[in-house]
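1. how would this look folded up:
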Amino acid sequence: MTPPTATTAGHEVVVTGLGLVAGPLTDPEALFDHIADGRSLITEHPRHAEWGVPCAVSAHIDPGVRRALHDALPDEAGPLGPAGVLAWHAAAQAWERSGLPRRLDTERGGVFLACNRMLMEPDELVDVAAHVDHESGTLDLDAYLDSDGGPDPHRYTRIQPDTATAALADYFGATGTLETRADACAAGGMAIGSAYRHIRTGALDVALVGGAESLTTLAAVTAFHQVGALAPAKGQQPARISRPFDKDRTGFVIGDGAAFLVLESRAHAEARGARVLARIAGYAGVTEAVQMTASSRDGSDYAACIRAALADAGLTPGDIDHVNAHGTSTQANDACEAAALHTVFADRVDPVPITGNKSAMGHSLANSGAVEAVLSVLSIQRQTLLPTLNFTEPDEVTRGLDIVTERRDAPVSAVLSNSFGFGGQNCSLVLTKAG
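-> Sure, this is the predicted structure:
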């Protein structure tokens, strides 16, 4: 492994805390063990069949868990929407586990939250439509707000991702830099990458960074179904539907969740005697605009992103022990990523092991890069590769990849974690042993 470059050596970025909520689970180790045992979070959604959507399964947060998390919010959290509640729990857990004091009270701390903007639900749109003058194309907002069917006056504040970002920053005294990322499916990785750069350049000492989504709603499910991204259930067992890199893949399964990491400069972490879990060694965020919902079919854009992250880390493809793939289970995305992995790792003697976590936990969009980074840290900690569920046979493009299908003990010093989103938002992270 190539040593850190002179640019990064003075401000190495390390991970000191992890937090997570997914399905019925409320800590990172529980999710890691769940997937390691070959179990899935994907089940029938209690309302999807009622809504009449063809893809009536999801990796949603257990309703009892959601209620318990909401009830546990401190008064200081203020008004938070569904995604904000999940973010608060995961962030508070990561912060507590890091051993940092309850408040930093310094401008050298920041909060970086990935969360895409929420969609209005059908009943809300009906209420709004009643106050639209279609001839002039205007909305009588005052009448809407004063009407019996008007919105909860705090709804807008609750559902805005920025609200959770600001609330977390105020609560933990980390107000130096606040960012709310909405880079589609790459947002979680982009948030980590941005925090990493702030610390590496010396602008911050500490960053609370992660993602949160609550997208198993009628509006979101309908939108993704209409663009052909969601896998139809077709009478299959829910846990068998998400099939990254498999020849029979038919689309992704939507999910909810939140995951957070605490990042620090190594100097700051060591000065306070913190336990260092891993290192963020490299990052690349690359934007291309081939199509709104697809990238170059030859994988060249993804390959360029991966190579840029490796270069940032001062590593070669031969240094990577494991790839935590974006692996959405859609035809185009998996084909593009597979082509990119073939291109980047073509000269390796041994194939690089690849895991697709979304096979077990669905795709939670902005949160996916964050939760996969958390699982990558645990793979390094436990020297264990998680399985890709439901992979049985490759197609022409995915053939030749070493898709991990069962829990595998292996030496893991460096992990490449990819996130590739709609609109050409591409992100790759390199995580390594703290060593």
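
2. and the one residue sitting closest to the centre of the chain, what is it in contact with?
-> By CA atoms, centre = their mean, the mean C-alpha position of the chain lies nearest to residue 368, the distance being 2.2 Å. Under the criterion of CB atoms under 8 Å, 6 or more residues apart in numbering, the neighbours of residue 368 are 185, 188, 211, 326, 358, 419. To be clear about C-beta, it is placed using only N, CA and C from the backbone, and glycine gets the same treatment.

3. cool, and residue 225?
-> Counting by CB under 8 Å, 6+ apart, residue 225 touches 53-55.

4. What subset of the contacts of residue 368 is buried?
-> When burial is judged by neighbour count using 16 or more other CB atoms under 10 Å, the buried members of the contacts of residue 368 are 185, 188, 211, 326, 358, 419.

5. From those residues, pick the one nearest residue 32.
-> Closest approach between those and residue 32, by CB to CB: residue 358, at 14.9 Å.

6. measure the closest one to residue 352 for me?
-> Noted for residue 358: a distance of 18 Å to residue 352, by CB to CB, to the nearest Å.

7. And for residue 310?
-> In this structure, residue 310 and residue 352 are 12 Å apart, going by CB to CB.

8. which neighbours do those two share?
-> Taking CB under 8 Å, 6+ apart as the contact definition, residue 310 and residue 352 share the neighbouring residues 317, 320.

9. Between these two, point out the one with more neighbours.
-> Higher neighbour count among residue 310 and residue 352: residue 310, with 24 against 17, using other CB atoms under 10 Å.

10. for residue 348, what are its contacts?
-> Taking CB under 8 Å, 6+ apart, we find residue 348 in contact with 317-318.

11. sec struct for it, please.
-> Assigned by DSSP: H, G, I helix; E, B strand; the rest coil, the conformation of residue 348 is coil.

12. low-confidence ranges in the stretch 251-400 of the chain?
-> In the predicted model, the stretch 251-400 of the chain carries pLDDT under 70 at residues 289-297.

13. Just the buried ones among the contacts of residue 368: which are in strands?
-> Assigned to strands by DSSP state E, the following of the buried ones among the contacts of residue 368 qualify: 211, 419.

14. In TSV, list the buried ones among the contacts of residue 368 along with distance to residue 165.
-> Supplementary listing: those in TSV, determined by distance: CB to CB, whole Å:
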residue	distance to residue 165
185	19
188	14
211	11
326	24
358	25
419	19
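
15. is it true that residue 56 touches residue 43?
-> No: taking contacts as CB atoms under 8 Å, residue 56 lies outside contact range of residue 43: 10.2 Å.
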